[in-house]
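Undergrad: the sequence and its predicted three-dimensional model are supplied below.
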Amino acid sequence: LVPELPEVETIRSALVPALEGRQLERVSILDPRLTAPYPPDAVAAALTGDRVVRVGRRGKYVVVELSSGRHLLVHLRMTGSFRLHRNGSLEEDPYRRAVVRLDDGSDVTYRDVRRFGTWTLLEEGELELYLGKRLGPEPLERGYTSRRLGDALRGRRAPIKSALLDQRTAAGVGNIYADEALWCARIHPLRPAGSLDAVTVGRLHRCLRAALRRGIDRQGATLRDYRDPTGAAGSMQDEFKVYGRRGEPCRRCRGTIERLVVGGRSSFYCPRCQREPVPKT
Ligand SMILES: [Zn+2]
């Protein structure tokens, strides 16, 4: 599982009580890939002594706002995760990439088996520009209307599945929640994004937000070894309608869920409820 908006939101919530208001007393970054191209020791030194004002989220980034005005952006990618250690003693972990000692004596560690995760330290005033280039609107924000989704899809010939995975369409949506939303809205993953009429976009907008909200309510999905920072597992995986269910019956029509590759990514869908687009001749 690659963490998407609901999983990152779950992680953010668990980090809030541990981090907010705390001073970073000692920071060790053990893997240079985490902060590349910046040297890990320089980033660690810059973080040391700073204080956490707020732990936020944008798309799939955890955004740690510091009292210096800087922001630490953490992207977990494939296998990044945080752990909280209250008593200051750490067991051995070959996949540990960073350790942050807080001023209450606890530690926050970051582990990453495949090492694609990143820590990016931004100077004061850089956040909006950095995220603005990479991310579209937050799909769960109050002002995120069906019209905004429609605007983002208009004129696009890419398959709707690929358009949803583009973080500039709606920040934080990934493979799982895109598949779940398309199933709910009865849209075939290969439909050209710009071909959806307003009613269909409205259905997709509603389904996308509902899937993401349900994911947050269930504290994310847990597959393989993903855990939130307190070691808790989510339960969203028990409610998947299509994701990972190839060969199993559709929960709506009893058709058989199939798998298709779109833009290099697995897409699970029901060929009976999500009709294939008819090619124009
Ligand atoms: Zn079906």
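TA: Nice, I can see it.
Undergrad: what element comes up after the helix or strand hosting Ala42 heading to the C-terminus?
TA: Using DSSP states H and E, Ala42 sits in helix 40-47. Next helix or strand after helix 40-47 toward the C-terminus (DSSP H and E): strand 52-58.
Undergrad: mean confidence for that following strand?
TA: The predicted model gives strand 52-58 an average pLDDT of 98.
Undergrad: the ion contacts on the stretch 151-281 of the chain?
TA: Neighbours of the ion within the stretch 151-281 of the chain, by CB under 5 Å from the ion: 250, 252-253, 255, 270, 272-273. Using the backbone N, CA and C atoms, a C-beta is placed for each residue, glycine as well.
Undergrad: by neighbour count, which of those wins?
TA: Neighbour counts for these (other CB atoms under 10 Å) peak at Cys270, which has 24 neighbours.
Undergrad: list the contacts of that residue.
TA: Cys270 is in contact with 183, 242, 250, 252-253, 255-258, counting by CB atoms under 8 Å, 6 or more residues apart in numbering.
Undergrad: now for the residues you listed, which pair is the farthest apart?
TA: Taking every pair in these and measuring CB to CB, the maximum separation is 14.3 Å, between Arg252 and Glu258.
Undergrad: tell me the contacts of the residue lying closest to Arg77 once chain neighbours are set aside?
TA: Nearest residue to Arg77, sequence neighbours excluded (CB to CB, 6 or more residues apart in numbering): Phe116, at 3.7 Å. Phe116 is in contact with 77-80, counting by CB under 8 Å, 6+ apart.
Undergrad: any idea which helix or strand carries the closest residue to Ala152 other than its chain neighbours?
TA: In this structure, Ala152 finds its nearest non-sequential neighbour in Thr169, 4.7 Å apart by CB to CB, 6+ apart. Counting by DSSP H and E, no helix or strand carries Thr169.
Undergrad: reformat the residues of the stretch 151-281 of the chain next to the ion as JSON lines; add pLDDT and secondary structure.
TA: Putting these into JSON lines (pLDDT from 0 to 100; DSSP: H, G, I helix; E, B strand; the rest coil) gives the following:
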{"residue": "Cys250", "pLDDT": "98", "secondary structure": "coil"}
{"residue": "Arg252", "pLDDT": "97", "secondary structure": "coil"}
{"residue": "Cys253", "pLDDT": "97", "secondary structure": "coil"}
{"residue": "Gly255", "pLDDT": "96", "secondary structure": "coil"}
{"residue": "Cys270", "pLDDT": "98", "secondary structure": "coil"}
{"residue": "Arg272", "pLDDT": "97", "secondary structure": "coil"}
{"residue": "Cys273", "pLDDT": "96", "secondary structure": "coil"}
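Undergrad: possible to save the residues you listed as a markdown table with distance to Pro39?
TA: Formatted as a markdown table, these follow (distance: CB to CB, whole Å):
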| residue | distance to Pro39 |
| --- | --- |
| Cys250 | 52 |
| Arg252 | 53 |
| Cys253 | 56 |
| Gly255 | 54 |
| Cys270 | 50 |
| Arg272 | 55 |
| Cys273 | 52 |
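Undergrad: and the helices in the stretch 51-200 of the chain?
TA: 127-134, 146-153, 160-165, 175-184, 198-217 (DSSP state H, counting those that start in this stretch).
Undergrad: closest to Asp238 out of those?
TA: Among those, helix 198-217 sits nearest to Asp238 (CB to CB), with 11.1 Å.
Undergrad: which helices and strands does the closest one pack with?
TA: helix 5-19, helix 146-153, helix 175-184 (3 or more CB pairs under 8 Å, 6 or more residues apart in numbering; DSSP states H and E).
Undergrad: out of the ones you listed, which is the most enclosed?
TA: Stretch with highest mean neighbour count among these: helix 175-184 (a mean of 25; mean count of other CB atoms under 10 Å).
Undergrad: list the helices and strands it packs on?
TA: helix 160-165, helix 198-217, strand 265-269.
Undergrad: with mean neighbour count and mean pLDDT added, can I get these in a markdown table?
TA: Output for those, formatted as a markdown table (neighbours: other CB atoms under 10 Å; pLDDT from 0 to 100):
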| stretch | mean neighbour count | mean pLDDT |
| --- | --- | --- |
| helix 160-165 | 24 | 98 |
| helix 198-217 | 18 | 97 |
| strand 265-269 | 21 | 96 |
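Undergrad: how about these, which one is nearest Val62?
TA: Of all these, it is helix 198-217 that lies closest to Val62, at 14.6 Å by CB to CB.
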